[in-house]
Structures are given as structure tokens and as C-alpha cells.
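Asks: My questions concern the predicted model and sequence given below.
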Amino acid sequence: MDIHTNIPLKSLTTMKLGGPAKYFAEAHTPQELHDLYLDAQTKNVPVFVLGGGSNVVAHDEGYQGLILRIKIPGFEVIADDLNSTTIKIGAGEIWDDVVKRAVDMRLSGIEAMSAIPGTAGAAPVQNVGAYGQEIAETLISLEAYDTQTHSIVTLQNADCEFSYRHSIFRGSQQGRYVITSITLQLSKNLPAAPFYDSLQAYFDEHAITVFTQQVVRDAVSAIRADKLPDPKVRPSAGSFFKNALVESWQMDGLRQAHPDIKAYEMGNGTYKLATGWLIESLGFKGQTLHGMHVNEGNALVLINESAASYADLAAARDEIIGKVRDTYQVLIEQEPLEIPAL
Ligand SMILES: Cc1cc2nc3c(=O)[nH]c(=O)nc-3n(C[C@H](O)[C@H](O)[C@H](O)COP(=O)(O)OP(=O)(O)OC[C@H]3O[C@@H](n4cnc5c(N)ncnc54)[C@H](O)[C@@H]3O)c2cc1C
């Protein structure tokens, strides 16, 4: 287990910002994770766990602790019956490789989450989702290293308290668990309508009427390639803002003032506001603020075109949040988590 020093966080994150990590190491097994974590804790060195770095933002000061990247492999069928296959996946596996393997096995449940960057272990953290699917729908359980008890624990789906782009891992238990594997139960049924609006629109446009997992994966990949910047070419963290959740009384007021506002009913009196629409309506789409470009394909995405520092990103973010708040009285939130500036 090598421990490296002074590794620039801009080289470990897709937003390509951030000063040096004092220490950097990779864990390839749960035992290595245990040893590295315990060693750091004994020496009072703070630890920040990283996967692919596609949903974090780093500060210019860097991180005066250990950045621990999870590289634990694994893809094992642990149960199989007439209707479903259950697979245990190592936290370090690349998420899109997992989706590809599941689709090749003609399994349904994650095909609409094709082409999301990052690792399998990070997927439960913000309950990743796209085009009408989210991981909460197929995740049975996960294993994690509990940094309080220094043991591997199993958490069931309900223990994770999943909601829209949220779970205990970025909420009440942030920093406590390091996920080592996830277990998904995938269906042997073919994907079937109703599909997410923009996915259905793509099918209609291309006269696609027969649906397989591969057909959905290909469609989602094509839509995403058209709308989202490739982080290897144009640095970003994907959606920089979450879609805002509002109550029905607030929605009524917003609809009266802005009849063409876009929102999706979530059930139990909550609406998900299309934050990209709010940002676009204020003229930000296609603009560059402090070196951060508001993506033409999807205004939720901020691309680091020429930002020199975290301060540039923060200035662009705050300008957008402030204008949305002043115009719509809605507070939109940043989606990527911050590596603390220690
Ligand atoms: C172009 C682009 C498109 C995107 N599209 C989507 C999308 O459609 N839907 C969506 O939901 N997200 C999307 N994202 C965001 C991102 O890809 C996901 O959130 C992904 O799950 C992050 O994985 P990662 O391995 O890069 O996590 P990281 O960015 O490395 O980490 C994210 C958080 O998870 C924690 N973490 C990482 N690994 C573990 C672990 N093993 N155990 C415990 N905590 C851990 C980190 O501490 C951090 O808090 C997109 C990002 C980009 C750049």
C-alpha cells in the first residue's frame, strides 16, 4: 500500500480544481481500507473517501489529510431465479462498466443510468439516478466499513434512507461508512413503457417501438452525448445544482406567477422543479461567469472553462443561486459535495 504525498486534487476530480492532498492512497481490498483508515486515525490524520471524483468540489488550499480512493473490485452473481438475478459489485468498479455487464446479461433496472461517471460504491451516496431510474429501486443491501466500530457492516436498503439525490451517506451519517460493495437485484423482464419523457421522445423520433435493455442503454447514451459535456474533454461535475423540491402551496404560487414553469409531481404534495429551466429562464444558459460556462445542452451543468480557483466557481454558483432566489423565491442547492478545505 503506497502512500503518496502532495497530489493535486485537480488531477483527482472531474471539475479539475483544487490544491494538493497532503496524502493519497488507494484501497484495493476491505483489509487495505481498514489498515489505511486505522493508521490515519491513530495519527490524527483526517480521511476523505473518493471514488472517481465526479461529484466533488475541491478547494485551492487542498486537503491536509489522506484522500483515500476506493478501488475494490468484484462482480459476482449471488442469486438467480426465474424473474431476477442478484449481483454483488465491488465499490471500486466503474459504474458504467457495471451497467454494460448487466445489459449484456439482459437484466433490467439500471440501463437508464448508462454513462453516469464514477464508481459503484459512490452510487448510493447521492442515490444516483437518470431518465426515470435511481439506484434505490434495485439496491438490496450494501457492505460498508464502519469507521466508528472498524468493522464491516451490512446495511439494508431501508437503512440507507434514500430520497431524491440523498441518503444517510451524505446526510446524518456523512463520513461514517465507507462502502465496500453494493448488492443489486435486477429483473429479467424487458424494459417497458412508460418511459421518462425525454427518453420516450427519443424513441418516437427514431421510430423505436421494440424495447430491450440495450435499446434503452443506446438511447440514453446518445441523449447524454448530445446534452452533457464529456468530463474528460470539458471539466465538470455533471449537474451542479439539484432540482429544487417545493410543496404544493409554493407550486401553486409559482404557477400563477410563471405559467410555463416546469415541474414534476413527486407524490405526497411535493413537486420537483426543473432547476435547469429556472436557470435558463434567467438568461444564464450559454453564458460564462468567472470562467464557469453554463452548459448549452443542460443549464444545470457548470463547465470549468477557465476558472482559476475555487473562488471563481463559488462566485459563479452564488450569482446563479442569488438570481434564482430573488426571482422565484426558491433556494437551489449545490449537488457536488465539498472536500473540506482543511
Ligand atoms: C458529466 C457528468 C454527468 C453526471 N450525470 C449524473 C446523473 O445523470 N445522475 C447522477 O445521479 N449523477 C450524475 N453525475 C454525478 C456523479 O457521476 C455521480 O454522483 C457518481 O455516483 C459519483 O461517483 P464518483 O465515484 O465519481 O464519486 P466521488 O465524486 O468520488 O464521490 C462523491 C461522494 O461520494 C463519497 N464516496 C465515494 N466513494 C465512496 C464509498 N466507496 N463509500 C462511501 N462514500 C463514498 C465521496 O466521499 C463523496 O462525498 C454526473 C457527473 C458528471 C461529471
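Replies: Perfect, I can see it now. Numbers count the residues shown, from 1 in each chain.
Asks: Which stretches in this protein count as helices?
Replies: Using DSSP state H, the helices of the chain run over 30-42, 95-104, 197-205, 213-227, 248-257, 275-281, 310-328.
Asks: Indicate which one of the ones you listed is closest to I152.
Replies: The minimum distance between I152 and the helices of the chain falls on helix 30-42, with 5.9 Å, by C-beta to C-beta. Heads up, the C-betas are built off the backbone N, CA and C, glycines and all.
Asks: Only alpha carbons, please: show that closest one as CSV.
Replies: What follows is helix 30-42, C-alpha atoms only, in CSV (Å, rounded to 0.1, in the frame of the first residue of the first chain):
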residue,chain,number,x,y,z
PRO,A,30,-11.6,-4.1,2.6
GLN,A,31,-8.5,-5.1,4.6
GLU,A,32,-6.3,-2.4,3.0
LEU,A,33,-9.1,0.0,3.6
HIS,A,34,-9.2,-1.0,7.3
ASP,A,35,-5.4,-0.7,7.6
LEU,A,36,-5.1,2.7,5.9
TYR,A,37,-8.1,4.2,7.8
LEU,A,38,-7.0,2.9,11.2
ASP,A,39,-3.4,4.1,10.6
ALA,A,40,-4.6,7.6,9.6
GLN,A,41,-7.0,7.8,12.6
THR,A,42,-4.2,6.7,15.0
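Asks: helices or strands next to that helix in the packing?
Replies: strand 20-27, strand 47-50, strand 63-70, strand 139-146, strand 177-187 (3 or more C-beta pairs under 8 Å, 6 or more residues apart in numbering; DSSP states H and E).
Asks: Give me every residue in the stretch 201-342 of the chain lying close to the ligand.
Replies: Selection of the stretch 201-342 of the chain residues close to the ligand by C-beta under 6 Å from any ligand atom yields 228, 231, 236-238, 337.
Asks: Now with 5 Å, please.
Replies: Where the stretch 201-342 of the chain comes near the ligand, counting by C-beta under 5 Å from any ligand atom, the residues are 228, 231, 238, 337.
Asks: pLDDT and neighbour count for those residues - can I get that in TSV?
Replies: TSV is the format used below for those (pLDDT from 0 to 100; neighbours: other C-beta atoms under 10 Å):
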residue	pLDDT	neighbour count
L228	93	22
P231	92	22
G238	95	24
L337	95	16
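Asks: Now for these: which two are most distant?
Replies: Pairwise distances across these (C-beta to C-beta) peak at 19.6 Å, for the pair L228 and L337.
Asks: domains of the chain?
Replies: With domains defined by automatic domain parsing, the chain comprises 4-70, 75-187, 236-338.
Asks: What's the mean pLDDT across the first one?
Replies: Pointing back at domain 4-70 there. Throughout domain 4-70, pLDDT has a mean value of 97.
Asks: Can you point out the buried residues in stretch 304-316?
Replies: For stretch 304-316, a neighbour-count test (16 or more other C-beta atoms under 10 Å) marks 304, 307, 310, 312-316 as buried.
Asks: cool, and stretch 254-263?
Replies: Within stretch 254-263, the residues that count as buried by 16+ other C-beta under 10 Å are 254, 261, 263.
Asks: Looking at those residues, which is nearest the ligand?
Replies: For the buried residues of stretch 254-263, the minimum distance to the ligand (C-beta to the nearest ligand atom) is 18.9 Å, reached by A263.
Asks: Please name the residues that touch that closest one.
Replies: 246, 251, 254, 271-274 (C-beta atoms under 8 Å, 6 or more residues apart in numbering).
Asks: Which residue lies nearest the spatial centre of the protein?
Replies: V128 (4.9 Å; C-alpha atoms, centre = their mean).
Asks: Give me the distance between that one and G90.
Replies: Using C-beta to C-beta, to the nearest Å, V128 is found at 17 Å from G90.
Asks: In this structure I182 contacts G121, no?
Replies: Yes: checked against C-beta atoms under 8 Å, the pair I182 and G121 is within contact range at 6.8 Å.
Asks: Can you pull the residues that touch both of these two?
Replies: A91.
Asks: rewinding a little: could you dump the buried residues of stretch 304-316 to JSON lines with pLDDT and distance to S281?
Replies: Output for those, formatted as JSON lines (pLDDT from 0 to 100; distance: C-beta to C-beta, whole Å):
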{"residue": "N304", "pLDDT": "97", "distance to S281": "24"}
{"residue": "A307", "pLDDT": "95", "distance to S281": "24"}
{"residue": "Y310", "pLDDT": "96", "distance to S281": "27"}
{"residue": "D312", "pLDDT": "96", "distance to S281": "24"}
{"residue": "L313", "pLDDT": "97", "distance to S281": "22"}
{"residue": "A314", "pLDDT": "97", "distance to S281": "23"}
{"residue": "A315", "pLDDT": "97", "distance to S281": "21"}
{"residue": "A316", "pLDDT": "98", "distance to S281": "18"}
